[in-house]
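Trainee: Quick check, what structure comes out for this input:
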Amino acid sequence: MAMTPNSKRKHDAEVEAEARREASWSSWLASYAGSTMFKPTRLLGRGLMRLGSCPLDATVGIAAAVSSPSELSPVYEGKRVMAVGGTRGIGRAIVCTLREAGAHVTVVGRSAVPFAHVTPKASPDCEAFAADLSTTVGCRKLVSEVAAAGVQPFHYLVFTVGAWLATPNPNPNPNPNPEPEPRTRTRARARTRTRSLIRPDFADPYTSEGVEKVVALDLLARHFVLEGLAAAGLLASGGRVLNVLASAQLVPFITAESIRVRVAAVQPPATMFTALMPVGVAADAWLQDAARRHPSLSFVGMFPGVLPTELASSTFPSWALPALTAAMLPVASSAEEVGLAHATVLASPNAGRRRVSYFNHLLEGRASHPLAYAPELGAWITSHLEEVAARVEEKARPKSQAGAPEAKD
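Mentor: Predicted structure coming up:
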């Protein structure tokens, strides 16, 4: 992929930014993830995670562990993989492992030159696409670009796209010329500002298309990229789709109706729990419906575990990142462990024992939440996403016709 002078400048800027991130205190701490010094706490953390998971799936079983990517080469050598959200965090860890195992990986990310910092083995001829997948327009534009590039059909499709959607308020005090405040009020305002930095920005919850942001990335993006690639003949028969999200979690206090309300997001969520966990169950239900619509594909939902990454830098203030990373370390996995676990599950014959299977980062096949198996819920989610796209197209249609001359009798 040849780079223009403009893309070269963006490339250099991203490499420099990546170097700064890797030199930070939080990145230094993250390098200890998976260390043997945390073995006791990791065992405890895994036990607690199992308590919050759905039961083991005896039919699927536990995937056989491997010690290095080279052991997966017989499966991945010469195979084509698209990683949607593969430039940062868990996605990058998976991409690095797949490339080491011999797969040809096409990377999709928001970055202007996504392959610049994915893996040292990435070469200029590696397909890479920049896309804003928070909108239906962005998803369809991506599919069009991939089809126009003339790439061969993919044997594996990996979804890790998503974000902790929080942004600090650039002007927390709306008064541009505030009067001096008493010290107690100043401290209270500082505490309020800090809290706004460490939780999702519920004051601006919708995308430009009017879709709640978590739903946009965790459901809408996956749906329209999958449907677009399938319609374009870019998914090989017998292919496998891996959806990395909060799969197989035993989320309490939810019903089919509460999931519908959450996905429709007429009222935005008010807490982290209501923002993320119901959407994880909805995604598992969507996988079941996707399998019914695409009988030549198999699907896997996977809980990723804990990986300290630089993604938190878009949500948390810089001074809080080392503390956040340190808090994760006792239960976190290393990037190599996370990448290898996901690549192992994706290649495992265990994942083919059901049309839709669910795993955790410990390679354990799990059942999903009971609501995920309700056909009417999965069908409703698909129908709702299609209705969203129809509304977007309807709103855009008058704009495209605004300059057209009116027909005369």
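
Trainee: Go through the one helix or strand residue 377 maps to and flag the buried ones.
Mentor: Element membership of residue 377, judged by DSSP states H and E, is helix 375-400. Within helix 375-400, the residues that count as buried by 16 or more other CB atoms under 10 Å are 377, 378, 379, 380, 381, 382, 384, 385, 388, 389, 392. (Glycine included, C-beta is placed from N, CA and C.)

Trainee: Now flag whichever of those residues is closest to residue 149.
Mentor: residue 389 (23.2 Å; CB to CB).

Trainee: Run through the residues that contact that closest one.
Mentor: 136, 224 (CB atoms under 8 Å, 6 or more residues apart in numbering).

Trainee: Give the next helix or strand downstream of the helix or strand of the chain with the lowest mean pLDDT.
Mentor: Ranking every helix and strand in the chain by mean pLDDT, DSSP states H and E puts helix 183-197 at the bottom, with a mean of 41. Using DSSP H and E, the helix or strand that directly follows helix 183-197 along the chain is helix 213-215.

Trainee: What is that following helix packed up against?
Mentor: Counting contacts by 3 or more CB pairs under 8 Å, 6 or more residues apart in numbering; DSSP states H and E, helix 213-215 packs against helix 272-293.

Trainee: Tell me which other helices or strands the helix or strand following the helix it packs on touches.
Mentor: The helix or strand immediately downstream of helix 272-293 is strand 298-302, counting by DSSP H and E. Strand 298-302 sits against strand 235-244, helix 272-293, helix 335-347, strand 356-359, with contacts defined as 3+ CB pairs under 8 Å, 6+ apart.

Trainee: which of those sits most buried?
Mentor: Among the helices and strands packed on strand 298-302, judged by mean count of other CB atoms under 10 Å, the one packed with the most neighbours on average is strand 356-359 (a mean of 28).

Trainee: May I have it exported as PDB, CA atoms only?
Mentor: As requested, the backbone C-alpha atoms of strand 356-359 are provided in PDB (Å, rounded to 0.1, in the frame of the first residue of the first chain):
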ATOM      1  CA  VAL A 356     -22.400 -20.900  17.700                       C
ATOM      2  CA  SER A 357     -20.100 -21.600  20.600                       C
ATOM      3  CA  TYR A 358     -18.900 -19.400  23.500                       C
ATOM      4  CA  PHE A 359     -15.600 -19.300  25.300                       C
END
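
Trainee: Can you give the contact residues for the helix or strand following that strand?
Mentor: Heading C-terminal from strand 356-359, the first helix or strand you meet, by DSSP H and E, is strand 365-366. Residues outside strand 365-366 that contact it (CB under 8 Å, 6+ apart) are 53-57, 59-63, 247-248, 350-351, 353, 357-360.

Trainee: And for stretch 256-270?
Mentor: Contacts for stretch 256-270 (CB under 8 Å, 6+ apart): 200, 202, 205-206, 211-212, 214-215, 219, 274-275, 278-279, 281-282, 285, 371, 374, 376-377, 380-381, 384.

Trainee: Over to stretch 50-61?
Mentor: Against stretch 50-61 from outside (CB under 8 Å, 6+ apart): 248-250, 303, 350-351, 353-354, 357-360, 362, 364-369.

Trainee: Give the buried subset of those as a ChimeraX selection command.
Mentor: Those of those that count as buried under 16+ other CB under 10 Å are selected in ChimeraX with:
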select :248,249,303,350,351,354,357,358,359,360,362,364,365,366,367,368,369
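
Trainee: If you count neighbours, what's buried in stretch 145-162?
Mentor: Buried, per 16+ other CB under 10 Å, within stretch 145-162: 146, 151, 154, 155, 156, 157, 158, 159, 160, 161, 162.

Trainee: give me the beta-bridge partners of the third one?
Mentor: On DSSP bridges, the residues paired with residue 154 through beta bridges are residue 235.

Trainee: separation between the nearest residue to residue 363 once chain neighbours are set aside and residue 228?
Mentor: Taking CB to CB, 6 or more residues apart in numbering, and ignoring the residues beside it in sequence, residue 363 has residue 63 as its nearest neighbour in space, at 4.2 Å. Counting by CB to CB, to the nearest Å, the gap from residue 63 to residue 228 is 30 Å.

Trainee: Take the contacts of strand 365-366 and keep only those in helices.
Mentor: In helices, defined here by DSSP state H, there are no members of the contacts of strand 365-366.

Trainee: What is the burial count for residue 215?
Mentor: 29 (other CB atoms under 10 Å).

Trainee: ditto for residue 137
Mentor: Neighbours of residue 137 (other CB under 10 Å): 16.

Trainee: now the protein, which segments are flagged as low pLDDT?
Mentor: Residues of the chain meeting the criterion pLDDT under 70: 1-35, 38, 111-126, 163-203, 308-331, 398-409.

Trainee: let's see it at 80
Mentor: Along the chain, the parts satisfying pLDDT under 80 run over 1-39, 41-43, 45-46, 111-126, 162-204, 266-273, 306-333, 396-409.

Trainee: any idea what sits nearest residue 342, other than its immediate chain neighbours?
Mentor: Nearest one to residue 342, counting by CB to CB, 6+ apart, is residue 94 at 4.7 Å.

Trainee: now swap in residue 91 and tell me
Mentor: Per CB to CB, 6+ apart, closest to residue 91 is residue 160, 3.7 Å.

Trainee: Residue 93 is in contact with that neighbour, correct?
Mentor: No. At 9.1 Å, residue 160 does not count as touching residue 93 under the criterion of CB atoms under 8 Å.
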